[in-house]
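Asks: Here's a sequence, model it:
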Amino acid sequence: MYSPDSTIDLSLQTSQLKAMLDNVPFAAWFKDREGRYLAVNRKEEAVSGYKEKDMKGRKDHELFDKAFADLMSKREFESITLERQTLYEDHFQNGCWEELFISPVFDASGVVIGTTGLCRDITDRKKSESEIDFLKHNDVLTGLKNRISFEKALIEHDRPSGLPLSIIMVDVNGLKLTNDMFGNHEGDRLLRQIASILSRFTRKGDVTARIGGDEFCIVLPKTPQQTAKKISSQIMKVCEELEGEGSKEAIYPSVSVGYATKNELDETMIDVMAEAEELMYKRKLLERKSLHSSVVSSIKMTLFEKSHETEEHAERLVELSKRVGLEMGLDDRCLNELNLLASLHDIGKMGVHDHILSKTGKLTETEWAEIRRHPEVGYRIAQSSPELSNIANYILCHHERWDGKGYPQGLNKRNIPLLSRILAVVDAYDAITQDRVYRKAAPEDLAILEIIKHSGSQFDPDVAIVFIKTIKDKLS
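Replies: Modelled structure (predicted):
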């Protein structure tokens with residue numbers, strides 16, 4: 001039992017503990033059984049804002065706010081009652097986390113005569129733990145739940161209390177093309193934008209997750225199919241409205257959406273997801289035409305900005321190419337491909353540094369090497385897009401020469417695709433007759449002479465003949 005005689009032990013303990021406290025790297029103190037401070041170390045002085053002489057003999061209620069003082073009294077009472085060290089982690093209103101050790105101090109007869117306390121700031125550690133926990137359950141890029149959380153949600157709600165259990169599957173249209181065309185940063189922006197749209201329609205109790213590179217899924221417990229259908233339509237409507245507003249971004253958010261509902265317990269979620277996925281891909285096929293128009297328009301806009309070519313330049317190439325194609329008897333499919341090629345043959349220049357494209361002086365060997373890569377870059381971009389894959393090889397070959405001295409493959413004569421051969425002549429003519437950053441435009445008659453001069457070396461002689469006839473007919 002604690003008695004006044006214990007004060008001798010208390011005084012001795014205080015002097016011994018004081019020496020120990022000053023060597024502790026955390027805030028530390030020693031109190032008597034009633035909670036009065038007997039000794040504090042320098043760290044506690046710095047943390048509390050009080051000097052030891054001002055704290056001695058006083059309780060927490062005399063020094064600090066009531067909430068903190070009540071908490072400390074509770075912690076110390078528990079340690080004294082249990083007669084053992086207690087460990088706590090407390091989160092305070094200022095956002096800080098602290099780890100608190102309270103230990104009872106015994107006299108020689110085993111009676112508790114006071115407590116010691118150690119306190120350290122663990123805010124950084126708790127923040128790291130929180131971040132690790134977030135990464136375990138959330139997608140880093142979008143902030144939505146990840147596939148692990150999605151599968152956990154399915155298991156959690158796949159029970160009688162969760163029925164009807166609906167899911168909405170969302171697939172991003174054109175993500176690979178966006179990454180290849182505009183860079184991963186633009187693809188990431190697109191994913192974050194779509195995640196933001198989906199979050200608008202996530203109700204309390206729903207789980208929205210990114211379950212794959214370009215796939216999202218919403219789990220909707222206690223939700224009939226009609227509601228899932230309505231939410232799906234709303235998601236599509238938002239994306240369509242962004243397209244209609246003429247988004248300033250390179251690619252507007254385009255998605256394909258499917259939904260399905262589990263109404264009976266004996267149905268499997270595998271079948272429900274397959275049903276939603278099937279509907280999603282059916283819609284993807286229907287929306288492909290619209291996406292094609294968007295993708296091509298976005299590519300053209302970005303190409304004109306990046307390569308310093310103009311829309312007028314593209315229109316001239318399209319018109320001249322069409323004239324040559326008609327004169328050579330090309331069918332509608334080839335004419336359409338030639339039209340697209342004329343507009344997008346320099347698509348690979350989006351991978352060339354701006355300072356090279358706009359340079360007025362002579363290019364260095366390194367700069368030329370980068371310029372000469374653009375047919376290959378353009379080929380890879382076009383290959384990655386179903387909308388452009390049919391002209392990918394023409395893009396790759398549009399700088400090949402009839403004599404085999406072109407690039408990147410060194411093809412010659414009819415090993416070069418016809419549409420590439422047509423474009424080579426048309427593009428050269430337009431380049432000669434228009435102002436460029438590195439030289440002034442030349443007269444049309446001089447341009448014709450240049451085409452004739454290089455016919456049979458740089459250009460297909462048959463194409464050159466047809467082109468010159470076309471130009472003369474146009475000028476006459």
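
Asks: centroid residue for the chain?
Replies: Geometric centre of the chain, nearest residue: residue 188, 2.7 Å, by CA atoms, centre = their mean.

Asks: Isn't that residue up against residue 141?
Replies: Yes - contact status for residue 188 versus residue 141: in contact at 5.9 Å, counting by CB atoms under 8 Å. Where you see a C-beta, it was placed from the backbone N, CA and C, and this is true even at glycine.

Asks: Can you name the next helix or strand after the helix or strand hosting residue 199?
Replies: Using DSSP states H and E, residue 199 sits within helix 184-200. Next along the chain after helix 184-200, taking DSSP H and E as the criterion, comes strand 207-210.

Asks: Output the below-cut-off pLDDT ranges for the stretch 151-300 of the chain.
Replies: 243-251, 285-300 (pLDDT under 70).

Asks: for it, what spans make up the strands?
Replies: Assigned strands in the stretch 151-300 of the chain, in chain order: 165-172, 207-210, 215-220, 255-262 (criterion: DSSP state E, counting those that start in this stretch).

Asks: ok, now the stretch 351-476 of the chain?
Replies: Taking DSSP E, counting those that start in this stretch, the stretch 351-476 of the chain contains no strands at all.

Asks: Contact partners for residue 345?
Replies: 317, 378, 394-395, 398, 423, 427 (CB atoms under 8 Å, 6 or more residues apart in numbering).

Asks: Kindly report the same for residue 330.
Replies: Residue 330 sits next to residue 338 when contact means CB under 8 Å, 6+ apart.

Asks: For it, pull up the helix or strand it's in.
Replies: Per DSSP H and E, there is no helix or strand for residue 330.

Asks: gap between it and residue 379?
Replies: From residue 330 across to residue 379, the span is 22 Å (CB to CB, to the nearest Å).

Asks: doesn't residue 234 make contact with residue 201?
Replies: Yes - Residue 201 is within contact range of residue 234, at 6.0 Å (criterion: CB under 8 Å).

Asks: Looking at these two, which is more packed in?
Replies: Using other CB atoms under 10 Å, the more surrounded residue of residue 201 and residue 234 is residue 201, with 17 against 13.

Asks: What backbone torsions are found at that one?
Replies: Main-chain torsions, residue 201, degrees, to the nearest 10: phi -110, psi 10.

Asks: cool, and residue 89?
Replies: Backbone torsions for residue 89, taken as degrees, to the nearest 10, come to phi -120, psi 120.

Asks: how about the nearest residue to it, chain neighbours excluded?
Replies: Using CB to CB, 6 or more residues apart in numbering and skipping the chain neighbours, the partner closest in space to residue 89 is residue 99 (5.5 Å).

Asks: Please apply the same query to residue 273.
Replies: Excluding its sequence neighbours, the residue lying closest to residue 273 (CB to CB, 6+ apart) is residue 167, at 6.3 Å.

Asks: for that neighbour, what are its contacts?
Replies: 217-220, 228, 259-261, 269, 272-273, 276 are the contacts of residue 167 under CB under 8 Å, 6+ apart.

Asks: For it, list each beta-bridge partner.
Replies: In this entry, residue 167 is beta-bridged to residue 219, residue 260, by DSSP bridges.

Asks: quick one: it from residue 270, how far?
Replies: Using CB to CB, residue 167 is found at 11 Å from residue 270.

Asks: Let me know the pLDDT of the closest residue to residue 412 other than its chain neighbours.
Replies: Once flanking residues are discounted, residue 412 sits nearest to residue 404: 3.3 Å by CB to CB, 6+ apart. What the model reports as pLDDT for residue 404 is 96.

Asks: again, but for the one 5 residues further on
Replies: With respect to pLDDT, residue 409 has a value of 96.

Asks: Same check on the one 3 residues further on?
Replies: The predicted local confidence for residue 412 comes out at a pLDDT of 96.

Asks: Distance of it relative to residue 82?
Replies: From residue 412 over to residue 82 the distance is 92 Å, taken as CB to CB.

Asks: what does residue 463 give?
Replies: Going from residue 463 to residue 82 by CB to CB gives 95 Å.

Asks: ok, those two, which is more surrounded?
Replies: residue 463 (22 against 11).

Asks: Which residues are in contact with that one?
Replies: Counting by CB under 8 Å, 6+ apart, residue 463 makes contact with 324, 328, 418, 421-422, 424-425.

Asks: Farthest-apart pair in those residues, please.
Replies: 328 and 424 (14.1 Å; CB to CB).

Asks: neighbour count winner among those two?
Replies: Taking other CB under 10 Å, residue 328 and residue 424 do not tie; residue 424 has more neighbours (26 against 16).

Asks: Break the protein down into its domains, please.
Replies: Taking automatic domain parsing as the domain assignment, the ranges for the chain are 6-126, 138-286, 294-475.

Asks: rewinding a little: residue 435 is nearest to which of the strands of the stretch 151-300 of the chain?
Replies: Distance to residue 435, taken as CB to CB, is lowest for strand 165-172 among the strands of the stretch 151-300 of the chain, at 41.0 Å.

Asks: Compute the distance from the centre of that closest one to the centre of its chain.
Replies: From the chain centre to the centre of strand 165-172 is a distance of 20 Å (CA atoms, centre = their mean, to the nearest Å).

Asks: Just the CA coordinates for it, please, in CSV.
Replies: Extracted in CSV, the C-alpha atoms of strand 165-172 (Å, rounded to 0.1, in the frame of the first residue of the first chain):
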residue,chain,number,x,y,z
LEU,A,165,-25.8,-7.7,-57.3
SER,A,166,-25.0,-5.7,-60.4
ILE,A,167,-21.7,-4.9,-62.1
ILE,A,168,-20.7,-2.4,-64.7
MET,A,169,-17.7,-3.0,-66.8
VAL,A,170,-15.9,-0.1,-68.6
ASP,A,171,-13.3,-0.4,-71.3
VAL,A,172,-11.3,2.6,-72.4
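
Asks: Now do that strand and strand 215-220, the angle between them.
Replies: 160 degrees (axes from the mean of the first three to the mean of the last three CA atoms, to 10 degrees).

Asks: Helices along the stretch 101-250 of the chain, start to end?
Replies: For the stretch 101-250 of the chain, applying DSSP state H, counting those that start in this stretch gives helices covering 123-137, 147-157, 175-182, 184-200, 225-244.

Asks: Apologies, that question was intended for the stretch 301-450 of the chain.
Replies: Under DSSP H, counting those that start in this stretch, the stretch 301-450 of the chain gives helices at 311-327, 332-344, 354-357, 365-371, 374-383, 392-396, 418-433, 444-453.
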